[in-house]
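S.K.: Got a predicted structure plus its sequence, pasted below:
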Amino acid sequence: MALEDMHDVLVDHLKAQGALQFAIDCWENLWWQAHNVPDAPLPCPNCFLEGRVERLVPLERTGALGAVRCDACKAEFEFPRG
């Protein structure tokens, strides 16, 4: 469930940045690829909008919120753990 919550937060971020549905669909393809292909990066939405695919890494958190941070741009995204 946490992955679905993270996905929804990241898609909402793309929409808030003005991403067109086509771009969101392309980002989602990378998202699903990251879950099925070893070593494929979980894509940062900020970097994706700048034309790069960079890796989101999990952060240690306690409580109801999880978080990830981009290795490249250092953006952090929080999401409900589900």
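M.R.: Right, received. Where do you want to start?
S.K.: Could you look up the SS state of the spatially most distant residue from the centre of the chain?
M.R.: Distance from the C-alpha centroid of the chain peaks at Gly63, with 20.1 Å (Cα atoms, centre = their mean). Taking DSSP: H, G, I helix; E, B strand; the rest coil as the rule, one finds Gly63 in the coil state.
S.K.: can you check Gly66 too?
M.R.: Secondary structure, three-state DSSP: Gly66 is strand.
S.K.: what's across from it in the sheet?
M.R.: Phe79 (DSSP bridges).
S.K.: returning to what we had before: please report how far the residue farthest from the centre of the chain lies from Lys15.
M.R.: Distance, Gly63 to Lys15, by Cβ to Cβ, to the nearest Å: 26 Å. For glycine as for every other residue, the C-beta is placed from the backbone atoms N, C-alpha and C.
S.K.: quick one, strands of this structure?
M.R.: 56-58, 65-70, 76-80 (DSSP state E).
S.K.: Name the residues of the longest one that are buried.
M.R.: It refers to strand 65-70. 66-70 (16 or more other Cβ atoms under 10 Å).
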